[in-house]
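> Quick one: sequence plus predicted model below, questions after.
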Amino acid sequence: MAASLVFRLHDRGPDVVREVLLERGWEEYDEEERGKEDWNLYWRASAFRTSDYFKLLPWQRLNHHPQTVGITRKDCLARHLRRMRAAFGPSLYDFSPTVFILPNEYLHFLTEYNKGPPVYWICKPVDLSRGRGIFIFEDIKDFSYSCSVIVQKYISDPLLISGYKFDLRIYVCVKSFHPLTIYIHQEGLVRFATEKYNLSSLENMYSHLTNTSINKFGPFYMTEKGRVGQGCKWTICKFRHFLRSQDVDDLVLWQRINNIVTLTLLSIAPFVPLCPNCVELFGFDILIDAKLKPWLLEVNYSPALTLDCQADITVKKRLVGDLIDLMNYTSIDSLREKAYQQQTRQPCLPAVPVISKFKEHKVQKKTGGQSSQPLHQAEKMNPRQCAFVSNYRRQLPPVNLNKIHAGRGRQTHTSLSKTHRDMNVNRRPGLLWRTDELLVNRLSCPALAPRLMENRSPRASEVTNRDDTETEAELELSGETEVSSKIPDIQKSGPGFRRSVSCKLPNIYSGSQRPGGTHLEGQHPPPLRVGGFIRTFPFNTATLKASQQKLDVKTIIQELHKLTGRVASNQSDRTQRRTVEEEPKDTEGEGEFDSLFLLCSVSASN
Ligand code: ADP
């Protein structure tokens, strides 16, 4: 019988993750009982340290990709979207309200402010979440700030339900950044303000902010509020039913939201280092205005998973379960130490932290192909890890970097040679899928080269755009304290290695389709649907190709344009699409596999 899978929760939370995993037969990690590396999934609300990515072993996975702060911190997101707008045009990147990062851009803000006509502005601290420190103003006399903030145009004509403002929390899972693979959950939350929208009382947070963390303490939280009802949350399904009952075409709205998600993630994808053992759940906050235009307000690093009401229970338990299914754990993942011991006897299984391959690549580049630096110095490994990795690397055919660079201009993106991949394929099929190596893929488009400051990787403690309910003190300490800096002892059997419990392991993927892997082998698209998660990128053959090897943003954007046109021209045909009862088949390998319509039709028919 297989050993159990083990999860490790930072700071004991979130409870729903524990609950879902325990129900599936997982065991909770206990440092005193188990070896340091004896776990399969490490979940934390705050950021991991860079060294945590380096230390990853083949069976270990983390719930954050490295450096995604590029979209989850308000000022970083503003910069990335601005850069994309400059490169690809304001008509495409028109989904985020005009924004200024202060104090640096104070004069630009003043110029815009003075242009008129009078508008409302919202000021938000760059690194806080849950509505903390936010205020709205019309007159600059009412504006003062004492920390880094963004000042954004306030969407003053939001769509209202029974007079109440709301926004949407869309759950997005990035299965991989290389190649970019995005899933959107068909369920999500609608979060209402608990007092009627009123522009003459800008200081009333219960009227203007839709954060649950604020509204659940509002005086009208439990009051019946017209169609909104009690409380402050709906599910997205309920919302879409409501839209249809009002004769609103939710298909077009959904397609626009999908585009926002893809375009936002495209802005950082080239800068996220490859780490195939990671998966990340983002919370996209979308506000819909009275003209039904969706606006991106922010992207949450650790969307809240607390269960405050029935809508939370309906949405979040399923969400976490689907996320685990998407990670596609199988019994091979439970063979933690055993697999590692086998590797040390037969050092062919590439337990190489892939980020370190990136480093090696850079060192090789500098030294004309041969790294002169000892491995352990270059990659901060202990001698035992070093021997293991060197043994592995000795078996790789040399990569001709000159050839790669000559052929690809500025980009530094490469992949395993065919022989290299074949070698892996012949070794340990069970663990292969996390070993494909794609080094960081930079765009060749100069307009996209980030400025130094944008590319700065903030400390873990700066990644604070999370709306879970950790304490502020914990926020400040995030990522810096907990993870052991001790190197795992690969020869010692951990005391916690158990073989007795079998886990419920979903069998939703076949063969090469394991979602943890890349698409490179056989160029198959990842599964179209896993539970409530629908793949929204890549959404057809062209975008699948454009996301492999080198992220071809231009082609992807052309395809998004085409798709938008197609949705618009198919509007009249929507009744037929809405009545789709069966889940469309995954047309893997065929011409078009338009997951967008699946997402729209599935949600609409629920
Ligand atoms: P936080 O990370 O603190 O939650 P958000 O950017 O999500 O910050 O803003 C909090 C709330 O303020 C949103 O849920 C929304 O209701 C409101 N809000 C934020 N930005 C705008 C905007 N530009 N226009 C209208 N309302 C906004």
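All right, it came through fine. Numbering: from 1, shown residues only.
> Just the CA atoms of the helix or strand harbouring Leu266, as CSV, please.
Assessed by DSSP states H and E, Leu266 sits inside helix 250-268. This file holds the C-alpha atoms of helix 250-268, laid out as CSV (Å, rounded to 0.1, in the frame of the first residue of the first chain):
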residue,chain,number,x,y,z
ASP,A,250,-23.0,37.2,-19.5
LEU,A,251,-21.0,35.4,-22.2
VAL,A,252,-19.4,38.6,-23.5
LEU,A,253,-18.7,39.8,-20.0
TRP,A,254,-17.1,36.5,-19.1
GLN,A,255,-14.9,36.6,-22.2
ARG,A,256,-13.7,40.0,-21.3
ILE,A,257,-12.9,38.9,-17.8
ASN,A,258,-10.9,35.9,-19.2
ASN,A,259,-9.0,38.3,-21.4
ILE,A,260,-8.2,40.5,-18.4
VAL,A,261,-6.8,37.5,-16.6
THR,A,262,-4.7,36.4,-19.5
LEU,A,263,-3.4,39.8,-20.4
THR,A,264,-2.4,40.5,-16.8
LEU,A,265,-0.6,37.2,-16.4
LEU,A,266,1.2,37.8,-19.7
SER,A,267,2.7,40.9,-18.2
ILE,A,268,4.8,38.9,-15.7
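> which other helices and strands contact the helix or strand following that helix?
Next along the chain after helix 250-268, taking DSSP H and E as the criterion, comes strand 280-288. On a contact count with 3 or more C-beta pairs under 8 Å, 6 or more residues apart in numbering; DSSP states H and E, strand 280-288 meets strand 164-177, helix 250-268, strand 294-300. (Glycine included, C-beta is placed from N, CA and C.)
> Partner strands of strand 280-288, with direction?
The pairing partners recorded for strand 280-288 under DSSP bridges are strand 164-177 (antiparallel), strand 294-300 (antiparallel).
> Select, out of the ones you listed, the one closest to Pro97.
strand 294-300 (6.0 Å; C-beta to C-beta).
> Buried residues, that closest one. List them.
Pro294, Trp295, Leu296, Leu297, Glu298, Val299, Asn300 (16 or more other C-beta atoms under 10 Å).
> Now do that strand, average pLDDT.
For strand 294-300, mean pLDDT rounds to 97.
> any residues touching that strand, and which ones?
71-72, 74, 77, 81, 95-97, 129, 155, 167-168, 253, 256-257, 260, 264, 282-289, 465-467 (C-beta atoms under 8 Å, 6 or more residues apart in numbering).
> which of the buried residues of strand 294-300 come close to the ligand?
Among the buried residues of strand 294-300, proximity to the ligand is found for Leu297, Glu298 (C-beta under 6 Å from any ligand atom).
> Among the buried residues of strand 294-300, which pair sits farthest apart?
Pro294 and Asn300 (16.3 Å).
> contacting residues around the closest residue in space to Trp43 that isn't next to it in sequence?
Spatial nearest neighbour of Trp43, chain neighbours left out: Asn63 (4.6 Å); criterion: C-beta to C-beta, 6 or more residues apart in numbering. Neighbour list for Asn63: Leu41, Tyr42, Trp43, Arg44, Cys278, Val279, Glu280, Leu281 [criterion: C-beta under 8 Å, 6+ apart].
> now Asn63: how far from the ligand?
Going from Asn63 to the ligand by C-beta to the nearest ligand atom, to the nearest Å gives 19 Å.
> Let's see the pLDDT reported for that residue.
96.
> again, but for the one 10 residues further on
pLDDT recorded at Arg73 is 95.
> For the chain, what lies in contact range of the ligand?
Where the chain comes near the ligand, counting by C-beta under 6 Å from any ligand atom, the residues are 97, 122, 124, 128-132, 134, 152, 154-155, 167, 209-211, 285, 287, 297-298, 465, 467.
> Could you list the low-pLDDT ranges of the chain?
1-2, 337-523, 571-606 (pLDDT under 70).
> can I assume Asp38 is in contact with Arg336?
Yes: using C-beta atoms under 8 Å, Asp38 is in contact with Arg336, at 5.7 Å.
> Which phi and psi values does Ser213 adopt?
phi -60, psi -20 (degrees, to the nearest 10).
> same question, the one 4 residues further on
Per-residue torsions, Phe217: phi -100, psi 0 (degrees, to the nearest 10).
> Distance of it relative to the ligand?
Taking C-beta to the nearest ligand atom, one finds Phe217 at 15 Å from the ligand.
> now Phe242
18 Å.
> Same check on Leu9?
For Leu9, the distance to the ligand - C-beta to the nearest ligand atom - is 23 Å.
> Would you mind listing the residues in contact with that residue?
Leu9 touches Val17, Arg18, Glu28, Tyr29, Trp43, Arg44, counting by C-beta under 8 Å, 6+ apart.
> Excluding covalently adjacent residues, which one is nearest to His561?
Distance criterion C-beta to C-beta, 6+ apart; nearest residue to His561, sequence neighbours excluded, is Leu92 at 7.7 Å.
> count of neighbours near the one you found?
16 (other C-beta atoms under 10 Å).
> Pretty sure it sits against Ile556.
No: if you go by C-beta under 8 Å, Leu92 and Ile556 don't touch, sitting 11.1 Å apart.
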